[in-house]
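> Okay, structure incoming, though there's no sequence with it:
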């Protein structure tokens, strides 16, 4: 799962930008197994090769906030009628976002996680290296 998201985020860094127009702005409330969270919900329109598209996808890795005020602050950067930059997949212009998900910080964080996982795998814990029970040598008869 995380590999797929990372791949999509890197692909997202190669997407093409076009001008778009904000159609609607609100904050959506969602409930899942982790509780309630809030997301900026921005509708926008953009045109690619003389074809017009509409989308509500904010980012591939959508930000979810525990506090409504944080989501409102993120949504407040957009106003109905505002010109925005829209990033779309050059292979499928119907897939678009307002915020690119790929950042060098995300890549660095992923790299650090892989390194730590590798170290954990290479150096087992003391419990994994427990000394076998019983005498280390065959008992000798005297």
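Thanks, I have the structure now. Everything numeric in this text was worked out from a predicted model, so none of it was measured.
> lowest average confidence, helix or strand, in this protein?
Lowest on mean pLDDT, DSSP states H and E among the helices and strands of the chain sits helix 2-12, with a mean of 49.
> next structured bit after that one?
strand 16-32 (DSSP states H and E).
> Buried residues in the strand or helix carrying residue 87, which are they?
Element membership for residue 87 (DSSP H and E) is strand 83-89. Under the neighbour-count criterion of 16 or more other Cβ atoms under 10 Å, strand 83-89 has 84, 86, 87, 88, 89 buried. Where C-beta positions appear, they are placed from N, C-alpha and C, glycine not excepted.
> Please produce a markdown table containing those, extended by pLDDT and distance to residue 77.
Conversion of those to a markdown table gives the following (pLDDT from 0 to 100; distance: Cβ to Cβ, whole Å):
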| residue | pLDDT | distance to residue 77 |
| --- | --- | --- |
| 84 | 97 | 9 |
| 86 | 96 | 14 |
| 87 | 93 | 16 |
| 88 | 93 | 20 |
| 89 | 91 | 23 |
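> Make CSV from those residues and add distance to residue 99 to it.
Output for these, formatted as CSV (distance: Cβ to Cβ, whole Å):
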residue, distance to residue 99
84, 10
86, 10
87, 8
88, 13
89, 14
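> with these in mind, which one is nearest to residue 15?
Taking Cβ to Cβ as the measure, residue 87 is the one of these closest to residue 15, at 4.3 Å.
> Please report the distance of residue 22 from residue 44.
With distances taken as Cβ to Cβ, to the nearest Å, residue 22 is found 5 Å from residue 44.
> residue contacts, residue 55?
If you count contacts by Cβ atoms under 8 Å, 6 or more residues apart in numbering, residue 55 has them with 43, 44, 46, 86, 94, 96, 97.
> for the second one, what are its contacts?
Just to be clear, that refers to residue 44. 20, 21, 22, 23, 54, 55, 56, 84, 86, 98.
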